[in-house]
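1. Have a look at this prediction, sequence included:
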Protein chains: 2
Amino acid sequence: MERIAEGEYAVMEVLWDEAPLTAADVAARVPEHRGWSLATVKTMLSRLLAKGVLAHEEDGRRYLYRPAIRREDYVAEESGRLIDRMFGGRVPALVAQLAARDKLTPADIAEIEKLLKELKS
Amino acid sequence: MERIAEGEYAVMEVLWDEAPLTAADVAARVPEHRGWSLATVKTMLSRLLAKGVLAHEEDGRRYLYRPAIRREDYVAEESGRLIDRMFGGRVPALVAQLAARDKLTPADIAEIEKLLKELKS
DNA sequence: CAGGCAGAATTACATGTGTAATCGACAGGG
DNA sequence: CCCTGTCGATTACACATGTAATTCTGCCTG
């Protein structure tokens, strides 16, 4: 699966959230802090199409865009990549790191423990 | 802290593992599957210096390179970035994803549970 | 002392990415 | 029926990155 750049990912998020959408609709839904023009969003859409991670169908003389890959799949791939690179593929090393940095609230801990308990059953 | 590109990260790993080293030493220790020439490694070293994530001291007419940032700090930043982008900052969502993908072995689960238990005490 | 080798510095070049502007086609309103 | 606004397509351009080659400079060896 093709890599998706940081900015492109913001466009994917819009379409994972709601699809199909026209280019203008996507532009309207991209987080404002990006400050992108419609032209920029159209460039992103073209590149994502070229990468095969988006599909489009014609609607008159416009396109309706929709994701061609599932968000979970992409997220899984990226997380796997990071865990491999930075933690030697060891998930516990990642968790230990988060713990050492106080990234785990008591609620997080409880939730994760619950998840793991269910996994074992 | 400046972003470190994928290839550059491989160079940082060498120096986090052992420092200080000369450019030639670094090149010799970079994973062979990269297939980099010495010139390429030198380019990486210059760029990492420019980014301020490496430091160098003179040793005769050579340089000895050493990391200027701690590995844990960089890893923490990158993991945080990923968790924010892909899981809305929610660590349990990441763990759930890993679980759903069968990325957690029973040993991993046990290890993480142990970690969390200690956290609470 | 001269020539070559070892180092860093400089330059090179293709591809990816962020961020558009411009172009060409066409549909709908006046 | 023509003008204008709207679409996608094409082109633009700067900076990052992967991957070097070339240049400059000085030390060592013969």
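-> Everything's here; your move.
2. and the closest residue to residue A:38 other than its chain neighbours, how many neighbours does it have?
-> In space, and not counting its chain neighbours, residue A:38 is closest to residue A:27: 4.7 Å by Cβ to Cβ, 6 or more residues apart in numbering or on different chains. For every residue, glycine as well, the C-beta is placed using N, CA and C. For residue A:27, the count of nearby residues is 21 (other Cβ atoms under 10 Å in any protein chain shown).
3. show me the contacts for residue A:27.
-> Residue A:27 is in contact with A:36-38, A:41-42, counting by Cβ atoms under 8 Å, 6 or more residues apart in numbering or on different chains.
4. do that again at 7 Å, thanks
-> Contacts for residue A:27 were tallied using Cβ atoms under 7 Å, 6 or more residues apart in numbering or on different chains; they are A:36, A:38, A:41.
5. Which residue ranges of chain A form helices?
-> Along chain A, counting by DSSP state H, helices occupy A:6-17, A:23-29, A:38-51, A:71-87, A:91-100, A:106-120.
6. The shortest one vs DNA strand C: in contact?
-> No - Helix A:23-29 does not reach DNA strand C (Cβ under 7 Å from any atom of the strand); its nearest approach is 10.5 Å.
7. which residue sits closest to residue A:104, ignoring its sequence neighbours?
-> Nearest residue to residue A:104 in three dimensions, chain neighbours excluded: residue A:98, at 5.6 Å (Cβ to Cβ, 6+ apart).
8. which among the contacts of residue A:27 gets closest to DNA strand D?
-> Proximity of these to DNA strand D (Cβ to the nearest atom of the strand) peaks at residue A:38, which lies at 7.6 Å.
9. what about that closest one, distance to residue A:67?
-> Using Cβ to Cβ, to the nearest Å, residue A:38 is found at 20 Å from residue A:67.
10. Compare those two (neighbour count), which wins?
-> Taking other Cβ under 10 Å, residue A:38 and residue A:67 do not tie; residue A:67 has more neighbours (19 against 13).
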